[in-house]
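Student: Give me the fold of what follows.
(one chain, ligands or ions: 1)
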Amino acid sequence: MTHPDPLRHVDRFLETEIEARALALAFSHGLIDRLAGQQSADRSELAGLAGMPETAFVFFLQLLAGNGVIRGGDAVRLTADFRDALAHRDLLEAKLWFANLVAPDVHGLFAELLSDIPEFMARAAVFELFRYDRCLEVTPENLDAAAQWVGYTTTLSRYEAPACLDRLDLAQSSRVLDVGGNSGEFARQICERNATIEATVFDLPVVCALGRRHVAASPQAARIAFCEGDLRRDRLPAGHDFISFKSVLHDWPKDEAAAFIGKAAEALEPGGKMVIFERMPIELKGARLPYSMVANLVFLPFFRSPDFYVGELDRRGFADIAVQSVGIEMPFALITARKP
Ligand SMILES: C[S@@+](CC[C@H](N)C(=O)[O-])C[C@H]1O[C@@H](n2cnc3c(N)ncnc32)[C@H](O)[C@@H]1O
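Tutor: The predicted structure is shown next:
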């Protein structure tokens, strides 16, 4: 069965760190494949795959059972709930990978995360992953390095985009420009929803090269063009009546983010629509923080109130500025505006 809200359903298996780490191990040691392939598997066969001393294996199975992944004794099965989550295995594995990768940054640099952002950025491994400076020159090494994080952002976009696109009226748009559009997944979904739209993805050269591969096999490929460029230096291509920034502007200090909005405002056709879709500041409102949120926590200092983006659009004379709050695994703001 496909769950109506895959992002939240998958997060249900990442509520605590140690259980999430046990699940990641169960994937990497082949236990999940073994169990997914049939009704049940012998406990002894799973022990062979896990390759752990008996006491550790007992504990490991308890962690998986406590997390609602498996049930049973000598014959071990996947729970129905976990089988549902496996329908979104790409998302589940991407979330486990990223959470387990960045958790050590939060463990080791928690004080810096809260009180010394430059130090956190200098020392956290997460910023070694998102090396935009290695995306300017297309080399086999740079393609390999970028493929890791582009795979992650593509998977997130695959699942996040519908919540944004369900709330957008694309009927008046025909030429879309997605700035920082990454592998083109967001543009691809726009084209999938509207058969007459043509889209351009603007991104760094290495990311565009990976994006061309990503969309190549899709039915929308012929309607998606990639435009290589550097937002800091280059103008945005003209001729578009819809320009989007999805999860791009938070990466940048206010001055640069404002300058990029300015470039988009210049490039957009009169009457065209500007769309900004961004995570909002984390608000717990009395709830406990699940382990899955570690993936967003490393970006805690960068999430802004939508007021900043609204202000930038307003001072450039944009009309019909609207903000919607969109709940995904955390609140996003969907900001839309029209260029007069
Ligand atoms: C956090 S990712 C978001 C990607 C995508 N929009 C999404 O929602 O998954 C930021 C994107 O901005 C791109 N980017 C970073 N610096 C850039 C620059 N100077 N010029 C153009 N694109 C840039 C990155 O390559 C990446 O694709």
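Student: contacting residues around the residue of the stretch 1-150 of the chain found nearest the ligand?
Tutor: Nearest residue of the stretch 1-150 of the chain to the ligand (Cβ to the nearest ligand atom) works out as Y132 at 4.2 Å. For the C-beta atoms, the positions are set from N, CA and C on the backbone; glycine is no exception. Counting by Cβ atoms under 8 Å, 6 or more residues apart in numbering, Y132 touches L204.
Student: can you give me phi and psi for the closest residue to L109 other than its chain neighbours?
Tutor: Nearest non-adjacent residue to L109, counting by Cβ to Cβ, 6 or more residues apart in numbering: F120, 5.3 Å away. Main-chain dihedrals, F120, degrees, to the nearest 10: phi -60, psi -50.
Student: In terms of pLDDT, where does F120 sit?
Tutor: Listed pLDDT for F120 reads 97.
Student: Would you mind listing what in the stretch 101-250 of the chain touches the ligand?
Tutor: For the stretch 101-250 of the chain, the residues in contact with the ligand (Cβ under 6 Å from any ligand atom) are 132, 135, 153, 156-157, 180-182, 186, 203-204, 207, 230-232, 246-248.
Student: Recalculate using a threshold of 5 Å.
Tutor: For the stretch 101-250 of the chain, the contact set with the ligand under Cβ under 5 Å from any ligand atom comprises 132, 153, 157, 180, 182, 203-204, 207, 230-232, 246-248.
Student: Taking these together, which two end up most distant?
Tutor: S157 and R232 (22.6 Å; Cβ to Cβ).
Student: More neighbours: these two, which one.
Tutor: Between S157 and R232, S157 has the larger neighbour count (other Cβ atoms under 10 Å), namely 21 against 11.
Student: Next secondary structure after the top helix by length along the chain?
Tutor: Longest helix in the chain by number of residues (criterion: DSSP state H): helix 140-165. The helix or strand immediately downstream of helix 140-165 is strand 175-179, counting by DSSP states H and E.
Student: Where do the strands of the protein begin and end?
Tutor: Counting by DSSP state E, the chain has strands at residues 41-42, 70-72, 75-78, 175-179, 198-203, 224-228, 240-246, 268-279, 319-327, 331-338.
Student: for these, which one sits closest to A217?
Tutor: Of all those, strand 224-228 comes closest under Cβ to Cβ, at 12.0 Å.
Student: contacting residues around the residue of the chain positioned farthest from its centre?
Tutor: Within the chain, the residue lying farthest from the chain centre (Cα atoms, centre = their mean) is D74, at 38.4 Å. Applying Cβ under 8 Å, 6+ apart, we find D74 in contact with D42, R43.
Student: pLDDT at it, what is it?
Tutor: For D74, pLDDT reads 90.
Student: Isn't the residue nearest to L109 up against F299?
Tutor: No - counting by Cβ atoms under 8 Å, F120 sits too far from F299 to count as a contact (10.6 Å).
Student: More neighbours: these two, which one.
Tutor: More crowded of F120 and F299, by other Cβ under 10 Å: F120, with 22 against 17.
Student: Nearest residue to P281 in space, please, no chain neighbours.
Tutor: Here the nearest residue to P281 in space, its sequence neighbours aside, is F303; by Cβ to Cβ, 6+ apart that works out to 4.7 Å.
Student: Is the one you found in contact with E283, as I believe?
Tutor: No - using Cβ under 8 Å, F303 is not in contact with E283, being 10.0 Å away.
Student: Name the residue in these two with the higher neighbour count.
Tutor: Set F303 next to E283 and count neighbours by other Cβ under 10 Å: F303 wins out with 18 against 10.
Student: Next, count neighbours for the nearest residue to F98 once chain neighbours are set aside.
Tutor: Counting by Cβ to Cβ, 6+ apart, A295 is the residue found nearest to F98 once chain neighbours are left out, at 5.1 Å. Per other Cβ under 10 Å, the neighbour tally for A295 reads 26.
Student: right, and A295 touches W97 too?
Tutor: No - contact criterion Cβ under 8 Å: A295 and W97 do not qualify, at 9.8 Å.
Student: tell me the pLDDT at L334?
Tutor: At L334, the model reports a pLDDT of 98.
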